[in-house]
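Trainee: Need the 3D shape of this:
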Amino acid sequence: MKALHFGAGNIGRGFIGKLLADAGIHVTFADVNETVVNALIERQSYPVKIVGEDVVVEEVSNVTAVNSTSSDIIDLIAAVDLVTTAVGPTVLKIVSKSIAQGIEKRAQNGNGSPLNIIACENMVRGTSQLKAMVFEHLTDEAKAFAEASIGFVDSAVDRIVPPAEEGETDPLAVTVETFSEWIVDQTQFVGDIPAIPGMECTDNLMAFVERKLFTLNTGHLITAYLGVLAGHETIKDSIEDAAIRADVTAAMRESGEVLIRRYGFDADAHAAYIQKILGRFANPYLRDEVDRVGRQPIRKLSPQDRLIKPLNGTLEYGLPNGHLLKGIAAAFLYKNDDDPQAVELQAMFVEKGFKKTLAHYSELNIDSEIVTLAHEAYLALK
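Mentor: The predicted structure is shown next:
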């Protein structure tokens, strides 16, 4: 079995690419980073350091790479059995055109064998969004071909993969935590579901997508924003600050109550899941900087993302949300001149004020009580 994986960054190599290669699948990474691409072509392997109670280094092999701007991408998509991505939401639109061209060529070649495409992104139903982007580029004939022989499989992914360690000289070395979770929607595959240890199948994906989004992602981001305000550099330092840990725990409990109401999660089991995540944030072997986690605040303030979606859930069920509001307020105090979204958010905030800016990006009603409460949380935090 052969796979093409878009994104040879730390998540691509340390998480999805590793699981695929460990399952005996030949993986071709597609990326624009020539240093990484050339090293993968030359070595056809790379080391992954896994850190938890123990620290082990595992070698991932049976891999190669191609530049994602190369026409070779089209030929690969026309021939492989699986396409995965870990490129970030903003890059999905870029790769969608290449995927569409590969599907067109696959149809022209008469290759009707099943191809499954899985976007492994921090997005809700990211593959469904990718499918819509791909279909914008397809002819009607290719759309019919795709509907018959190509599965667009939504997934939920969870693994903390920080940037390269300071002083690391190997461009392929990557460090990951022990915990990983890759859950896929089994109802969306075409043909047989590939046997990949570490890939879990479910027919109720949204329960797991929102569990991860409302817990890991919400908690991670609020830890980062409160950590910035407290002068901490890393997630570990931030979560070990007792005041921040209390706020983050309370926010995850608020979002957790939405999950319990919506999906019937067991309350004790979800409380244990929250504690496991807090432990992951405090992993002494992971240097996860608050600025990395806090980036792209506009996307994270959007209606379907980690701050506003759980907040809307609390409104739906009439639940407490004071600590989620504190996290939203903290986003407006996040300043990072190297992050275009942070710069844009601050520029609009200065021009329009808190309420108009929040309403614009979150799509909350500017005249609603919740926007007023968020503003009060901002004033209290400021």
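Trainee: Strands of this structure, start to end?
Mentor: With strands called from DSSP state E, the chain shows them at 2-6, 26-31, 45-51, 55-61, 63-67, 82-85, 115-119, 150-153, 155-158, 174-177, 181-185, 199-202.
Trainee: hey, which of the ones you listed is tucked in deepest?
Mentor: strand 115-119 (a mean of 26; mean count of other CB atoms under 10 Å). To be clear about C-beta, it is placed using only N, CA and C from the backbone, and glycine gets the same treatment.
Trainee: Export the strands of the chain to a markdown table and append columns for distance to A142 and mean pLDDT.
Mentor: Formatted as a markdown table, the strands of the chain follow (distance: least, CB to CB, whole Å; pLDDT from 0 to 100):
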| stretch | distance to A142 | mean pLDDT |
| --- | --- | --- |
| strand 2-6 | 18 | 98 |
| strand 26-31 | 21 | 98 |
| strand 45-51 | 35 | 95 |
| strand 55-61 | 34 | 96 |
| strand 63-67 | 22 | 98 |
| strand 82-85 | 15 | 98 |
| strand 115-119 | 13 | 98 |
| strand 150-153 | 10 | 98 |
| strand 155-158 | 24 | 94 |
| strand 174-177 | 36 | 94 |
| strand 181-185 | 23 | 97 |
| strand 199-202 | 28 | 97 |
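Trainee: Using TSV, lay out those together with distance to A251.
Mentor: What follows is the strands of the chain, written out as TSV (distance: least, CB to CB, whole Å):
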stretch	distance to A251
strand 2-6	33
strand 26-31	35
strand 45-51	26
strand 55-61	31
strand 63-67	39
strand 82-85	29
strand 115-119	27
strand 150-153	31
strand 155-158	18
strand 174-177	21
strand 181-185	21
strand 199-202	26
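Trainee: quick one: which of those is nearest Y285?
Mentor: Among the strands of the chain, the nearest to Y285 by CB to CB is strand 45-51 (3.4 Å).
Trainee: Output the contacting helices and strands for the closest one.
Mentor: When contacts are defined as 3 or more CB pairs under 8 Å, 6 or more residues apart in numbering; DSSP states H and E, strand 45-51 sits against strand 55-61, strand 174-177.
Trainee: Not counting that strand itself, show me its contacts.
Mentor: Strand 45-51 has contacts (CB atoms under 8 Å, 6 or more residues apart in numbering) with 13-14, 18, 39-40, 55-63, 170, 172-178, 283, 285-286.
Trainee: and with 6 Å instead?
Mentor: Identification of contacts with strand 45-51 by CB atoms under 6 Å, 6 or more residues apart in numbering yields 14, 18, 56-61, 172-176, 178, 285.
Trainee: now swap in stretch 248-266 and tell me
Mentor: Contact with stretch 248-266 is made by 207, 211, 214-215, 218-219, 222-223, 267, 270, 274, 310, 313-314, 317, 319-321, 323-324, 327, as judged by CB under 6 Å, 6+ apart.
Trainee: before we move on, the earlier item: and the strands of the chain: which comes nearest D291?
Mentor: D291 sits nearest to strand 174-177 of all the strands of the chain, at 17.9 Å, using CB to CB.
Trainee: Neighbouring strands - and their directions - for that closest one?
Mentor: strand 45-51 (parallel) (DSSP bridges).
Trainee: and the angle from the partner strand to strand 26-31?
Mentor: Comparing the axes of strand 45-51 and strand 26-31 via axes from the mean of the first three to the mean of the last three CA atoms, to 10 degrees yields an angle of 90 degrees.
Trainee: quick one on the thing from earlier: now list the buried members of the contacts of stretch 248-266.
Mentor: The neighbour-count criterion (16 or more other CB atoms under 10 Å) marks 207, 211, 214-215, 218-219, 222-223, 270, 274, 310, 313-314, 319, 321, 323-324, 327 among these as buried.
Trainee: Out of those, name the ones that lie in helices.
Mentor: Using DSSP state H, 207, 211, 218-219, 222-223, 270, 274, 310, 313-314, 323-324, 327 are the members of the buried ones among the contacts of stretch 248-266 that sit in helices.
Trainee: what about the residue nearest to E316 when sequence neighbours are not counted, how many neighbours?
Mentor: For E316, ignoring the flanking residues on the chain, the nearest one in space by CB to CB, 6 or more residues apart in numbering is V258 at 7.5 Å. By other CB atoms under 10 Å, the residues close to V258 number 24.
Trainee: what's the answer for the one 5 residues further on, then?
Mentor: Applying the criterion other CB under 10 Å, we find 14 residues in the vicinity of Y263.
Trainee: And for V161?
Mentor: Using other CB under 10 Å as the criterion, V161 is surrounded by 20 other residues.
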